[in-house]
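Engineer: predicted model and sequence below, questions to follow.
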Amino acid sequence: MRLAVQQRGLATNKVEGDHLPNLEVFRILIIENDSVFRRSLFKALTGEGYTVFAAADLVEATEFISQVTFSLILYGLRRPYQGGLDQLKHLLQIAKNTQIIVVTTFNEPELKRQVLDMGARDLIVKPVRKAALLNSVANVLQVHS
């Protein structure tokens, strides 16, 4: 018997006995200086069942990264051409085996190309819709049910 189920925001077809992915095994670190936006991201991701940590800046994030293995980092990129890309490069070096999604207000194709060439997996432009955020996270983490 096939049942349509909705759990933690993932629509799926389930055959009895199948299991939905346990999203708690994915640890996500949010690095975002805007406290309101950081809380919004945190709420959206924890509401889906992910284990989420949050940092206001790269210094604070570095402490988390040294102690916890993350599946994904959401990095709020500010001032990309005034040191922001250098900070992203540093983040990519210290979190070598971690997927990174960049979130920024800059909607520029060249910036997106640069960010992806550096090693980030996606770039999302603010304002961020919850559905787009969750879709990008699921795609990068390859969460398919």
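Structural biologist: Yep, it's here. Numbering: from 1, shown residues only.
Engineer: can you give me the strands in this structure?
Structural biologist: Using DSSP state E, the strands assigned to the chain run over residues 2-7, 10-15, 27-31, 51-55, 72-76, 99-104, 122-125.
Engineer: how near is Asp117 to Gln142?
Structural biologist: Between Asp117 and Gln142 the computed distance is 21 Å (Cβ to Cβ, to the nearest Å). Any C-beta I mention is one placed from the backbone N, CA and C, and that applies to glycine too.
Engineer: that should have said Asp34, apologies.
Structural biologist: Distance, Asp34 to Gln142, using Cβ to Cβ: 28 Å.
Engineer: and those two? Which one has more around it.
Structural biologist: Legend: neighbour count by other Cβ atoms under 10 Å for Asp34 and Gln142, higher for Asp34 (14 against 8).
Engineer: tell me the contacts of the closest residue in space to the more buried one that isn't next to it in sequence?
Structural biologist: Counting by Cβ to Cβ, 6 or more residues apart in numbering, Asp34 lies nearest to Gly76, which is 7.0 Å off, once chain neighbours are set aside. Residues counted as contacts of Gly76 (Cβ atoms under 8 Å, 6 or more residues apart in numbering) are 30-34, 37-38, 103-104.
Engineer: so, low pLDDT: which residues of this structure?
Structural biologist: For the chain, applying pLDDT under 70 flags the ranges 1-21, 143-145.
Engineer: show me the helices in it, by range?
Structural biologist: Here the chain has its helices, by DSSP state H, at 35-48, 58-67, 85-94, 109-118, 130-141.
Engineer: centre of the chain to the fourth one, how far?
Structural biologist: Relative to the mean C-alpha coordinate of its chain, helix 109-118 is positioned 17 Å out (Cα atoms, centre = their mean, to the nearest Å).
Engineer: what's the answer for the third one, then?
Structural biologist: With Cα atoms, centre = their mean as the basis, the distance from the averaged C-alpha position of helix 85-94 to the chain average is 16 Å.
Engineer: just checking, what packs against it?
Structural biologist: Where contact means 3 or more Cβ pairs under 8 Å, 6 or more residues apart in numbering; DSSP states H and E, helix 85-94 is packed against helix 58-67, strand 72-76, strand 99-104, helix 109-118.
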